[in-house]
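**Q** Fold the following.
(2 chains)
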Protein chains: 2
Amino acid sequence: MTRLLIIGGSDAAISAGLRAREVDRGVTPLLVVADAYPNYSICGIPYHISGDVPDWRSLAHRTRADLEEAGLRLMLDTRATSIDPAARTVTVTAADGQPRQLDYDNLIIGTGAEPVRPPVAGLDTLGPADGVHVLHTIGDTHDLTRTLDTEPGSALIVGAGYIGLEMAEALTARGLHVTVVEQQQQVLPTVDADLSGLVADELGRHGVEVHTGVTVTALDRIGEHGIVVTGRRTDDHAPFTATVGLVLVVVGVRPDTVLAQTAGVGLGVRNAIAVDRRMRTTIPGIWAAGDCAHTYHRVLDTDDYLPLGSTAHKQGRVAGENALGADRAFAGSVGTQVVKVFDLVAARTGLRDAEACDAGFHPISHHTAADDHKAYYPGAKPIAITVTGDARTGRLLGAQLIGHRDTAVAKRVDVYATALHQGMSVDQISDLDLSYTPPLGSPYDAVQIAAHQWTLRRDAPRD
Amino acid sequence: MTRLLIIGGSDAAISAGLRAREVDRGVTPLLVVADAYPNYSICGIPYHISGDVPDWRSLAHRTRADLEEAGLRLMLDTRATSIDPAARTVTVTAADGQPRQLDYDNLIIGTGAEPVRPPVAGLDTLGPADGVHVLHTIGDTHDLTRTLDTEPGSALIVGAGYIGLEMAEALTARGLHVTVVEQQQQVLPTVDADLSGLVADELGRHGVEVHTGVTVTALDRIGEHGIVVTGRRTDDHAPFTATVGLVLVVVGVRPDTVLAQTAGVGLGVRNAIAVDRRMRTTIPGIWAAGDCAHTYHRVLDTDDYLPLGSTAHKQGRVAGENALGADRAFAGSVGTQVVKVFDLVAARTGLRDAEACDAGFHPISHHTAADDHKAYYPGAKPIAITVTGDARTGRLLGAQLIGHRDTAVAKRVDVYATALHQGMSVDQISDLDLSYTPPLGSPYDAVQIAAHQWTLRRDAPRD
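**A** Now for the predicted structure:
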């Protein structure tokens, strides 16, 4: 019987274990989980903080009992400290401090990512007890909850990416006055500036104070319940300062590869673990998946670093299947992402214009606004859509959509994502037989109207 | 300059004219429209009747002025009575009764469909003045509105297809007690019986009385404001009778091909006009598009009859482009349909199990229920999904989805429709990089969960 050892307890690791059981009921994957929270939805943390999910335990995709019932064995609160690839052993240390050696035939590394700590003076010395937080684990969540229980009154969030914006909404819902500070010139730097402006407007409508183009340089504790945040504006170096009760630093993640590196596993893009499309690392018998590994990007046809739960699940399944001898290839990501910010939803898939240029394409990007359903039926709302396609081949390269949460933006982006996965042309999107009824769409859906407008733009005579 | 003549004023005809103008600004398409209502949304009629769209004029996709501004010429209230393909002329009769001859270089027939009148005693002699209606045109809409203004109190709808169910909702919204009678054994016969049951439940929850397996045989006028509806049950021939203030007969449509036939244009599936994928009829210089023509079905790889607005638009565009000398092929329909029934949305695309069998596939169909978003986030609701795939090739053949109107069923079916268009396997759907955020989806979206369950079912050992 194959001894399948998995290091990690989040999306990739759990998916790998569950898939292994689907493929072979005789295997009992053993998971080494660093904390006490296996299979928690990290993406759900903002919704616990906001109060939408009152009990943090609800954030578990599955309970420990579910996982054991499904045939997984779990060692919780246990850190894997080293891998010996030659001996095929992993040394672990449980809560009791005693090291132990585990044998494996095949090993899957799913150690995930850790929050990036930007070079901000004071960040190394201040911590949760001071009201200064990062947010990546259930442990971090408990820390943040404790600070919120002290009624800090105001919060400053460093970073206006996906988590930063979700947390701006969550902390606003908790009654805090929220300030968001972003180093780049716009919130949600993963979408174009014009679409980002819609998100900034939505934040403003809900009382969130937004400062873009500002680099935070220092945090200082002041009195019992205050933190002075100091920074400077990128363009004119003007000083920025704010005093708040809580600081949340969410400027992205980097792959957690310490364990893999000590074992000699090779690294790839952005120092994530290098894997091929079978999720094999550079060492035989060792697979990796999820936020600790790089990701094959189907549109770029090369590896990229895209730490997302949806990708981690898929990579984990491939690793779990192949670790038992299968030969499944990870189909690849196309860079699909979505975020809800108050009543707005922003989604993207594929490449933006500049990214496409960098990758050697010849992009044209065209912006369109189209209603989510027939204007005569009550409640129609515009969706802002930017389509990027290759001028020479006509191939779809990417799409960005922003609309009210009632406009099914998250599912409409999926049509583009499916088209990208299949390498379709922009023009072919107009040909798709999409569903139509007046309360929910148009004879040409908004995604098709935007595609058609792109085609007209491409074919238009140049002045 | 090409003289482009188009007969018709609805989706296919207007799309053909507009596309012709996009391709060549020098062309001025002339449209012969039988009534005074060009470019009206027939699909929107139920929402005017319900009161959601107070002014029927709002149902126009574009006004006459819009169309003329776009470069179309319109002859309204004008009937085309004959085509002479050899002389390339069409004889028309305007409201003044004077026949006139129009020359063309290329002709597009977009005469649409007309309501099927089932063999019901009394249906030929009773009409709108008696409270007996069909519903296909704006004229029919005005007739129905006049009857509703007499406060008929109750209505019986013959036919529980898409329009029948939309009208059940609309007339309920108008305060009528509504009875729906369907000859087949279930409402919405275009989806499987188990899914249809969910729709029947929803109708019941809103007070609609449903009788399936009942054939209406006679209508009789009784007193000032009453119609006696007589029928029999299919299984035991038990009598059915009801007395109502209004009867609406909506049992489907058939292609309006009288004009085409007199010109010698060949007919195809279900006696619709035979066209190839260029929308060419059997006569040179004559194209056809929309509900009067048959439709290339991409999954069946043969022609079918699918009279839908979304298809009519696409066929019209192809006809308009090719009539000016282009060589575009209609990509084909995959049979996507969606209907909102009160708070429920039912959608399908592709083939159902029996249809797939008939077409020579080896289908397996599997039913799954999956939440529209993570259960921990408030408001999660189940979507019932049936996936049909080919057991031998693994190819996706079709999908049916039913869920609450908040569950984006209409856009989720579009992912399957896109996959069908591309000939993807069921398994490949699990590989798609679809968007995920907890309030709007799952790491594996419901459409992927259903696809994966299909794959497990196919691979399961047989007893």
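
**Q** What's the first helix or strand after the strand or helix carrying residue A:18?
**A** In the assignment (DSSP states H and E), residue A:18 maps to helix A:11-23. Moving toward the C-terminus from helix A:11-23, the next helix or strand (DSSP H and E) is strand A:30-32.

**Q** Who are the packing partners of that next one?
**A** Applying 3 or more Cβ pairs under 8 Å, 6 or more residues apart in numbering or on different chains; DSSP states H and E, we find strand A:30-32 packed against strand A:4-7, helix A:11-23, strand A:73-75. Quick note: C-beta positions are derived from backbone N, CA and C, even for glycine.

**Q** quick one: strands adjacent to it?
**A** Sheet pairing for strand A:30-32, assigned by DSSP bridges, gives strand A:4-7 (parallel), strand A:73-75 (parallel).

**Q** wait, which of the ones you listed is closest to residue B:332?
**A** The closest of these to residue B:332 is strand A:4-7. By Cβ to Cβ, the value is 45.2 Å.

**Q** which residue sits closest to residue A:327, ignoring its sequence neighbours?
**A** Excluding the flanking residues, the one nearest residue A:327 by Cβ to Cβ, 6 or more residues apart in numbering or on different chains is residue A:278, at 6.8 Å.

**Q** Just say helix, strand or coil for the one you found.
**A** Under DSSP: H, G, I helix; E, B strand; the rest coil, residue A:278 falls in the coil class.

**Q** Tell me who's in contact with it.
**A** By Cβ atoms under 8 Å, 6 or more residues apart in numbering or on different chains, the contact list for residue A:278 reads A:287, A:318, A:322, A:327, A:328, A:329, A:330.

**Q** Now a PyMOL select for only the buried ones of those residues.
**A** In PyMOL, this line selects whichever of the contacts of residue A:278 come out buried by 16 or more other Cβ atoms under 10 Å in any protein chain shown:
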select buried, chain A and resi 287+318+322+328+330
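
**Q** Give me the subset of the contacts of residue A:278 lying in helices.
**A** Secondary structure defined by DSSP state H assigns A:318, A:322 of the contacts of residue A:278 to helices.

**Q** Show me which of the contacts of residue A:278 is closest to chain B.
**A** For the contacts of residue A:278, the closest approach to chain B (Cβ to the nearest Cβ) belongs to residue A:330, at 8.0 Å.

**Q** then stretch A:50-70 to CSV, C-alphas only?
**A** Provided in CSV are the C-alpha atoms of stretch A:50-70 (Å, rounded to 0.1, in the frame of the first residue of the first chain):
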residue,chain,number,x,y,z
SER,A,50,-17.7,41.5,9.0
GLY,A,51,-20.2,39.5,11.1
ASP,A,52,-21.8,37.8,8.1
VAL,A,53,-20.5,34.5,9.4
PRO,A,54,-20.9,34.8,13.2
ASP,A,55,-19.1,31.5,14.1
TRP,A,56,-15.6,31.2,12.7
ARG,A,57,-15.9,27.4,12.8
SER,A,58,-18.4,27.8,10.0
LEU,A,59,-15.5,28.7,7.8
ALA,A,60,-14.4,25.1,7.7
HIS,A,61,-15.0,23.6,4.2
ARG,A,62,-15.2,20.3,6.1
THR,A,63,-14.8,19.5,9.8
ARG,A,64,-12.1,17.2,11.1
ALA,A,65,-14.7,14.5,11.4
ASP,A,66,-15.7,15.0,7.8
LEU,A,67,-12.2,14.6,6.7
GLU,A,68,-11.6,11.5,8.8
GLU,A,69,-14.8,10.0,7.5
ALA,A,70,-13.6,10.6,4.0
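
**Q** and that stretch, is it in reach of chain B?
**A** Yes - Stretch A:50-70 is in contact with chain B by Cβ under 8 Å from any Cβ of the partner chain, via A:52, A:53, A:58, A:59.

**Q** ends of stretch A:111-128, how far apart?
**A** With Cα to Cα, to the nearest Å as the measure, stretch A:111-128 spans 23 Å from end to end.

**Q** Would you pull up how far it lies from the middle of the chain?
**A** In terms of Cα atoms, centre = their mean, to the nearest Å, the centre of stretch A:111-128 is found 18 Å from the chain centre.

**Q** List the buried residues in it.
**A** Neighbour-count burial for stretch A:111-128 [16+ other Cβ under 10 Å]: A:111, A:112, A:113, A:114, A:115, A:120, A:122, A:123, A:126, A:128.

**Q** need the residues of the stretch 1-150 of chain A near chain B, please.
**A** A:11, A:22, A:41, A:43, A:44, A:47, A:52, A:53, A:58, A:59.

**Q** Need the max-distance pair from those.
**A** Farthest pair in these, by Cβ to Cβ: A:22 and A:52, 31.7 Å.

**Q** show me what contacts the closest residue to chain B within the stretch 1-150 of chain A?
**A** For the stretch 1-150 of chain A, the residue closest to chain B is residue A:58, as judged by Cβ to the nearest Cβ, at 4.1 Å. Residues in contact with residue A:58 (Cβ under 8 Å, 6+ apart) are A:48, B:376.

**Q** again with residue A:261
**A** Residue A:261 neighbours (Cβ under 8 Å, 6+ apart): residue A:267.

**Q** Pull up the gap between it and residue A:83, please.
**A** Residue A:261 sits 10 Å away from residue A:83, taking Cβ to Cβ, to the nearest Å as the criterion.

**Q** how close does the residue positioned nearest the centre of chain A get to chain B?
**A** Nearest to the centroid of the C-alpha atoms of chain A, with distances taken as Cα atoms, centre = their mean, sits residue A:308, at 3.6 Å. Distance of residue A:308 to chain B, given as Cβ to the nearest Cβ, to the nearest Å: 7 Å.

**Q** what's the neighbour count on the residue nearest to that residue when sequence neighbours are not counted?
**A** Closest residue in space to residue A:308, ignoring its immediate chain neighbours: residue A:337 at 6.7 Å, by Cβ to Cβ, 6+ apart. By the criterion of other Cβ atoms under 10 Å in any protein chain shown, residue A:337 has 24 neighbours.
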